[in-house]
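# 3D model of this:
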Amino acid sequence: MINGAERIIGLYRRHAHLWAERRGDRLMEAHWLDRFRNLLPAKANVLDLGCGSGKPIARYLIEKGCEVTGVDSSPEIIELCRESFPKSEWRVADMRELSLERRFDGIIAWDSFFHLGFDDQRQMFPIFRAHAAPDAALMFTSGPAHGEAIGEFEGESLYHASLASEEYNLLLSANDFEVVAHALEDPTCGKHTIWLARQR
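Below is the predicted model of the structure:
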């Protein structure tokens, strides 16, 4: 039986254009993106995991001078990125199996990492480390506490999971990241729970 997390890829493939339309250009994340950018060198190269259509987050980073490499498991979504930002690099890939043999100044997994199941999330931290340049910044969103939650999009189940804050702290430390900032259900950012860390 396919579990909720495994259905996510198919859901985003089936509804790529509708999802992109509904996500739109609203950018409530600018404050956190600026904190992320403040940890990066000029003209930083950034790996965007689960990049979606590239709007608005990758677009914001590109406009601020970053070179973005976007990764998403949906070919349909990646095609939208290529249409909008043809000078950037876009790859169809599953973040759980990523091995680009490159290191980046920044890694972001906004509203994507939390679609993975518990074990897959744990196994992502060595992948983050493998793609992180010295002093690289890492930012991702999670749930507020350990558990699973099922949302809905176009009548289909939309899976989310989160580890406990204590475990995220341990995983970050074990993979040579130091937490720079953490917000639990930030009211200024749509109640996102946000982690910002830096490679030691």
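
# In contact with the most centrally placed residue in the chain, which residues?
Nearest to the geometric centre of the chain sits A109, at 1.3 Å (Cα atoms, centre = their mean). Counting by Cβ atoms under 8 Å, 6 or more residues apart in numbering, A109 makes contact with D48, L49, G50, M95, M124, M139, F140, T141. Glycine gets a C-beta too; all of them are placed from N, C-alpha and C.

# Distance-wise, check the first one relative to C81.
D48 sits at a distance of 9 Å from C81 (criterion: Cβ to Cβ, to the nearest Å).

# which residues are in contact with both of the two?
Looking at what touches both D48 and C81 (by Cβ under 8 Å, 6+ apart), the common residues are G54, A58, G70.

# State whether the last one is indeed within a strand.
Yes: going by DSSP: H, G, I helix; E, B strand; the rest coil, the assignment for G70 places it inside a strand.

# among the shared contacts of D48 and C81, who's most crowded?
Highest neighbour count within the shared contacts of D48 and C81: G70, with 28 neighbours (other Cβ atoms under 10 Å).

# right, and it touches C51 too?
Yes: contact criterion Cβ atoms under 8 Å: G70 and C51 qualify, at 3.4 Å.

# overlap in contacts of those two?
Contacts common to G70 and C51, judged by Cβ under 8 Å, 6+ apart, are A58, I78, C81, W90.

# Quick check: of the contacts of A109, which lies closest to T188?
Using Cβ to Cβ, T141 comes nearest to T188 of the contacts of A109, at 14.0 Å.

# Now name the helix or strand holding that closest one.
Per DSSP states H and E, T141 falls inside strand 132-142.

# strands paired with the helix or strand following that strand, and their directions?
As assigned by DSSP H and E, the chain's next helix or strand after strand 132-142 is strand 147-153. Partners of strand 147-153 in the sheet, by DSSP bridges, are strand 156-162 (antiparallel).

# Report the angle between the next helix-or-strand element following the partner strand and strand 132-142.
Downstream of strand 156-162, the next assigned helix or strand under DSSP H and E is helix 165-174. In terms of direction (axes from the mean of the first three to the mean of the last three Cα atoms, to 10 degrees), helix 165-174 departs from strand 132-142 by 170 degrees.

# Helices of the protein, residue ranges please.
8-14, 16-23, 30-37, 57-63, 75-84, 118-130, 165-174 (DSSP state H).

# could you say what helices and strands the fourth one packs with?
Under the contact criterion of 3 or more Cβ pairs under 8 Å, 6 or more residues apart in numbering; DSSP states H and E, the helices and strands touching helix 57-63 comprise helix 30-37, strand 45-49, strand 67-72.

# one step back: pLDDT-wise, what's the bottom of the shared contacts of D48 and C81?
Note: of the shared contacts of D48 and C81, the lowest pLDDT belongs to G54, at 91.

# Right, I'll leave it there.
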